[in-house]
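Colleague: Give the three-dimensional model of this entry:
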Amino acid sequence: MGEVTQDLGRIQKIMENGNYEEARPLLKEYLAASPNDPLAIRLYGNTYAYTGYLGKAKKIWHDGLRKFPENIDLIYNYALAHYLQGNLFYARRYWKKALKLAPEDSEIYFNLGQIARDEGRLRLAINYWRKALQFKADNVEVMNNIGVAFASLRSFGKAAIWYKKAVKTDKNYALAHFNLANALFETGELVAAQKHAEAAAKLDPASHMETVSLLNHKIKEKLAGEKAPKQG
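Modeller: Numbers count the residues shown, from 1 in each chain. Okay, here's the model as predicted:
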């Protein structure tokens, strides 16, 4: 048994290096000898998923779930495959099933929030993401997502609170700096908005330089308007 485990470990190392097509026949051979190994089934599906054959991967994981209906990793991957194909109904169904087995899994709450967001149910998405943070309090992507949801609801003050949490947790998170700049612009905190816009451009110029220039132009126009003498 030790030798078989070592073989699977070697295959995993091949996959860690991105050599999925090299790993595939090895996993097929492994599963021919050990067909009831849920980890090997998941990895075999991964070799297809990561090389553009998501439908094939989904079938492998679905067949695996017939043998191991409560295997959290197989359920998770099967749900993710549905999500990536736009099948939100089944993605939600299987992630909720996964959640019953792993009620403190932050990533599952995050993904359920993504589905709610995609369906336009922003307040439900916020609730799921808040739950995700209960189990992984330093997830800045979740904080940023909550901010984006509040901004979409035009609650810019609440959005700014969450963006501030994100940049406080990770001062190098360029997207949160940029989103915070936009929220502060909407709430009239123009100097602070300019500061975070410039931080975003400095941290990730390829993504934010052009949009920061546009935002800075609007900020300068608004500041000039505030300084201009009142007429009449």
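
Colleague: low-confidence ranges in the protein?
Modeller: Applying pLDDT under 70 to the predicted model, the residue ranges of the chain that meet it are 1-6, 227-232.

Colleague: helices and strands around the lengthiest helix in it, which ones?
Modeller: Once the chain is assigned using DSSP state H, the helix that runs over the most residues is helix 205-227. When contacts are defined as 3 or more C-beta pairs under 8 Å, 6 or more residues apart in numbering; DSSP states H and E, helix 205-227 sits against helix 174-186, helix 190-203. Where C-beta positions appear, they are placed from N, C-alpha and C, glycine not excepted.

Colleague: which residues sit against the first one?
Modeller: Okay, so that is helix 174-186. Contacts to helix 174-186, defined as C-beta atoms under 8 Å, 6 or more residues apart in numbering, come from residues 140, 143-144, 147-148, 151, 156-157, 159-160, 163-164, 166-167, 170, 190, 192-197, 199-200, 203-204, 207-208, 211-212, 215, 218-219, 222.

Colleague: quick one: which of the helices and strands packed on helix 205-227 is nearest residue 94?
Modeller: When the helices and strands packed on helix 205-227 are compared for distance to residue 94 using C-beta to C-beta, the nearest one is helix 174-186, at 29.1 Å.

Colleague: how many neighbours does the closest residue to residue 215 other than its chain neighbours have?
Modeller: Distance criterion C-beta to C-beta, 6 or more residues apart in numbering; nearest residue to residue 215, sequence neighbours excluded, is residue 197 at 5.1 Å. When neighbours are defined as other C-beta atoms under 10 Å, residue 197 has 26 of them.

Colleague: ok so, going back, please save the CA atoms from the longest helix of the chain in CSV.
Modeller: What follows is the C-alpha trace of helix 205-227 in CSV, where atoms were taken according to Å, rounded to 0.1, in the frame of the first residue of the first chain:
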residue,chain,number,x,y,z
PRO,A,205,-0.2,50.8,-13.5
ALA,A,206,-1.1,48.4,-16.2
SER,A,207,-4.6,47.9,-14.8
HIS,A,208,-5.3,51.3,-13.3
MET,A,209,-3.2,54.1,-14.9
GLU,A,210,-5.7,55.1,-17.5
THR,A,211,-8.8,54.9,-15.3
VAL,A,212,-7.0,56.7,-12.5
SER,A,213,-6.2,59.5,-14.9
LEU,A,214,-9.9,59.8,-15.7
LEU,A,215,-10.8,59.8,-12.1
ASN,A,216,-8.2,62.3,-11.1
HIS,A,217,-9.5,64.6,-13.9
LYS,A,218,-12.9,64.4,-12.4
ILE,A,219,-11.5,65.0,-8.9
LYS,A,220,-9.6,68.1,-10.0
GLU,A,221,-12.6,69.5,-11.8
LYS,A,222,-14.7,69.1,-8.6
LEU,A,223,-12.0,70.6,-6.4
ALA,A,224,-11.7,73.6,-8.7
GLY,A,225,-15.5,74.0,-8.6
GLU,A,226,-15.5,74.0,-4.8
LYS,A,227,-12.7,76.7,-4.8
